[in-house]
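**Student:** here is a sequence with its predicted model. Questions after.
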Amino acid sequence: MKGRIARAIAAAAAGVMLAVTGSGMAAASVVEGGKGSSSTEAAGTKVLELRDELTRKAYAGDVAGTQDTLARLDPLLADLAAGQQYSIQAESQQRADVAHQHAREAARLLADPSATPRQVPSVPLPEIPDLPPPLDVVSNLLKSLLSAVTGLLAGLLGGGVPELPVPETPEVPAP
């Protein structure tokens, strides 16, 4: 009889320990207001997908596809820059803001190629080839955007960001 009671108490204690541990882990993964590491990681994954899609569309010379990808990337960059929906470091917020400015300017210029370009924050250009026509007019702007987004991804994903899926350019034979 004592053995049964002891086993019942042990089982109840184990159940309580699992419940307490599980709730502690759930509370630790979510920061106030729904902000948390899992949502930030999901945002980082989405930014990576959109960055790679933008690279593929731009290097294919697909203006409509580039515009569509910029339109889907824009609100996510705005949310990251605002720092209200996602918990990210201040440096990553600044990178998101710069990337957001570049994305908006590129979208504006692609919508109206006769528009005068505005000044956007300077970002080092990655060592990747220029974009093909008709996107060559915004080549440096999109390359700066890709650089800013890649820097942002390093902060969101904790480093280890995959390289840009830039197609290889054939070598020009020497004369």
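**Tutor:** Right, received. Where do you want to start?
**Student:** does the residue most central in space within the chain count as helix, strand or coil?
**Tutor:** Against the mean C-alpha coordinate of the chain, by Cα atoms, centre = their mean, the closest residue is Val47 at 2.6 Å. What DSSP: H, G, I helix; E, B strand; the rest coil gives for Val47 is helix.
**Student:** what do you get for Val123?
**Tutor:** coil.
**Student:** for it, what are its contacts?
**Tutor:** Val98, His102, Ser144, Leu145, Ser147, Ala148, Gly151 (Cβ atoms under 8 Å, 6 or more residues apart in numbering). Where you see a C-beta, it was placed from the backbone N, CA and C, and this is true even at glycine.
**Student:** take these and lay them out in JSON lines including neighbour count and secondary structure.
**Tutor:** JSON lines is the format used below for the contacts of Val123 (neighbours: other Cβ atoms under 10 Å; DSSP: H, G, I helix; E, B strand; the rest coil):
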{"residue": "Val98", "neighbour count": "23", "secondary structure": "helix"}
{"residue": "His102", "neighbour count": "25", "secondary structure": "helix"}
{"residue": "Ser144", "neighbour count": "24", "secondary structure": "helix"}
{"residue": "Leu145", "neighbour count": "28", "secondary structure": "helix"}
{"residue": "Ser147", "neighbour count": "21", "secondary structure": "helix"}
{"residue": "Ala148", "neighbour count": "27", "secondary structure": "helix"}
{"residue": "Gly151", "neighbour count": "21", "secondary structure": "helix"}
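**Student:** which of those residues lies closest to Ser122?
**Tutor:** Ser144 (7.7 Å; Cβ to Cβ).
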